[in-house]
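> need a 3D model of the following:
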Amino acid sequence: MGAEFKNDKLNVCFVGTSGFPFGLAQVERQKLISKGLLQAGASVLIINRYGQQPEGIRIDLLHEPSFEGIPFVYASGNPYRPASFWRRNWGKLKGMFNEFFLVRKEKRKEGKTVLLVSTLEFYNIVFYKMVSVLLRVPMVIDNVEFFSAMNIPKSKFVKWDNHWYDHLASKLADKVVVISHFLKDMAARQKKAEAIIQIPSIVEFEKFQTKEVAKEPFFLYCGHAGYFEVIAFILNAYERLPGYPYALYLVSNGAAWEMDRLKKRISESPRADSIKLFSRLPMQELIDLYMTSKALLIPLRPTPQDQARFPHKIGEYTAARKPILSTKIGEVDKFFKDGDTALLADLYDETAFAEKMKLVMEQPELAEQIGLNGYNLGLQHFDHKALGRKLKTFLSE
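Numbering: from 1, shown residues only. Prediction:
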């Protein structure tokens, strides 16, 4: 019995992403995976290599040993980002050095220790592989993007780093966690099926509660201002529906020039008076908007990037019990059924998408039922507790 109990112990060192508990989708995924593992009985420590928050303003929770029950530490010893170039880079080197010893300390605990890596850089994969070999702990990567397909400005170094990540990261890992079927198929070229697990969008459903009441019926889109092409697509579709009383709410953040570009496009819209832009909302205010909307918009494009990813927002949208409007592309088409658990346009086409928006306005009872069906599907596939148990079993084997 004693040996069996020991073998059931799992210690997870979650590394590769700095900034916890602050951050966007990657940190939110890290948080929810950690919560799921903890509730499944695993031990988790999130190791941030260095600080990300601006120096000079104390944030008390960064000095706590845990956040929402999740233990975390800053390996550099400083949760803030120094203004000095030399201090900043010294902190990175110090953090990298200390990461090794923090993982070694965890390895000395009873049970199996696993290095779970969530990173956007291949050079980090190489570093953690060396830690894995030296300490004899398995390295498992959490792969959420097809980086080579991301159509954003990149230096030559980043392009090469993305290329090597996409083609070698799975090979270097002992096991692979993927967010989509597309990435699962890519990993399968280098790993056996039993070494791969799909953990799609992951959500803490209990947090999705509201007491707010909408002042007007509205569609809602949430996304970074850098996805201007997608936002313009939604605006164009919305503008094809004149005379309908539904407003369009956009929640978007980005660089100043990206926000200026978005504001200019809104101001030029013939329906500008019905379009509202929100930025930097606290999570509860965002949930309030989710749950008081009439439908949640997230069109996916026919690109390798969108086929490979599974936007975190999709899981959150199911938790809001509102109909999701998207396109039959990538993971959405694999998990959802048009007219039953979501409203999916056959093509990435403004007219087709506008027709789905029109259905929400003209058949509100059907739209409401589709939202409830989507919620039940989300509970089945995206709940952090169920996925935590599934992942713990995978990591323990």
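> who does the strand or helix carrying Asn89 touch, helix- and strand-wise?
In this structure, Asn89 sits in helix 85-107 according to DSSP states H and E. Other elements packing on helix 85-107 under the criterion 3 or more CB pairs under 8 Å, 6 or more residues apart in numbering; DSSP states H and E are strand 10-15, strand 43-48, strand 112-117, helix 122-135. Backbone N, C-alpha and C define where each C-beta goes, glycine included.
> could you rerun that using 10 Å?
Where contact means 3 or more CB pairs under 10 Å, 6 or more residues apart in numbering; DSSP states H and E, helix 85-107 is packed against strand 10-15, strand 43-48, strand 70-74, strand 80-81, strand 112-117, helix 122-135.
> okay, now the sheet partners of the very next helix or strand once past the second one, with direction.
This points to strand 43-48. Downstream of strand 43-48, the first helix or strand assigned by DSSP H and E is strand 53-54. Using DSSP bridges, the strands paired with strand 53-54 are strand 80-81 (parallel).
> any idea of the mean pLDDT in the partner strand?
Taken as a whole, strand 80-81 has a mean pLDDT of 94.
> and Gly41, its phi and psi?
phi 100, psi 0 (degrees, to the nearest 10).
> and the nearest residue to it once chain neighbours are set aside, which of the three is it?
What sits nearest to Gly41 in space, not counting adjacent residues and going by CB to CB, 6 or more residues apart in numbering, is Lys392, at 6.8 Å. Classification of Lys392 using DSSP: H, G, I helix; E, B strand; the rest coil returns helix.
> okay, now Lys392: neighbour count?
21 (other CB atoms under 10 Å).
> do the same with Ala247
20.
> who's in contact with it?
214-220, 238, 271, 273-276, 293-294 (CB atoms under 10 Å, 6 or more residues apart in numbering).
> ok, Lys276 next?
Lys276 touches Glu216, Phe218, Leu220, Ala247, Leu248, Tyr249, Leu250, Val251, Ile266, Leu289, counting by CB under 10 Å, 6+ apart.
> look up how far Gly95 lies from the second one.
To Gly95, Phe218 is 44 Å away according to CB to CB, to the nearest Å.
> can you check the fourth one too?
Ala247 sits 46 Å away from Gly95, going by CB to CB.
> got it, and Lys356?
From Lys356 across to Gly95, the span is 47 Å (CB to CB).
> what does Arg58 give?
Distance, Arg58 to Gly95, using CB to CB: 20 Å.
> what does Ala352 give?
Between Ala352 and Gly95 the distance is 49 Å, computed by CB to CB.
> compare the two (neighbour count), which wins?
More crowded of Ala352 and Gly95, by other CB under 10 Å: Gly95, with 21 against 16.
> can you give me every residue that contacts Glu99?
Contacts of Glu99 (CB under 10 Å, 6+ apart): 13, 15-16, 47-50, 73, 75-76, 115, 127-128, 131.
> just to revisit the earlier point, which one of the helices and strands packed on helix 85-107 has the lowest average pLDDT?
Note on the helices and strands packed on helix 85-107: strand 80-81 shows the lowest mean pLDDT, a mean of 94.
> Asn89 touches Arg49, doesn't it?
No - Asn89 is beyond contact range of Arg49, at 11.9 Å (criterion: CB atoms under 10 Å).
> so which of the two has more stuff around it?
Taking other CB under 10 Å, Asn89 and Arg49 do not tie; Arg49 has more neighbours (25 against 12).
> settle this for me: that one is touching Tyr74, isn't it.
Yes - in terms of CB under 10 Å, Arg49 counts as a neighbour of Tyr74; the distance is 7.9 Å.
> show me the common contact partners of these two, please.
Residues touching both Arg49 and Tyr74 by CB under 10 Å, 6+ apart: Ser18, Gly19, Gly91, Gly95, Asn98.
> could you report the neighbour count for Met291?
Using other CB under 10 Å: Met291 sits among 19 other residues.
> just say helix, strand or coil for it.
Under three-state DSSP, Met291 falls in the helix class.
> contacts only, for it.
Neighbours of Met291 in contact, by CB under 10 Å, 6+ apart: Phe208, Gln209, Thr210, Lys211, Glu212, Ala214, Leu220, Ala319, Ala320, Arg321, Lys322.
> sorry, back to before: which PyMOL command selects the buried ones in the contacts of Glu99?
Here is the PyMOL command that selects the buried residues among these (16 or more other CB atoms under 10 Å):
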select buried, resi 13+15+16+47+48+49+50+73+75+76+115+127+128+131
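> save the contacts of Glu99 as JSON lines, and put in distance to Arg309 too.
Output for the contacts of Glu99, formatted as JSON lines (distance: CB to CB, whole Å):
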{"residue": "Cys13", "distance to Arg309": "25"}
{"residue": "Val15", "distance to Arg309": "22"}
{"residue": "Gly16", "distance to Arg309": "18"}
{"residue": "Ile47", "distance to Arg309": "25"}
{"residue": "Asn48", "distance to Arg309": "24"}
{"residue": "Arg49", "distance to Arg309": "25"}
{"residue": "Tyr50", "distance to Arg309": "27"}
{"residue": "Val73", "distance to Arg309": "29"}
{"residue": "Ala75", "distance to Arg309": "29"}
{"residue": "Ser76", "distance to Arg309": "30"}
{"residue": "Leu115", "distance to Arg309": "24"}
{"residue": "Phe127", "distance to Arg309": "25"}
{"residue": "Tyr128", "distance to Arg309": "22"}
{"residue": "Val131", "distance to Arg309": "28"}
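> good, we can wrap up now.
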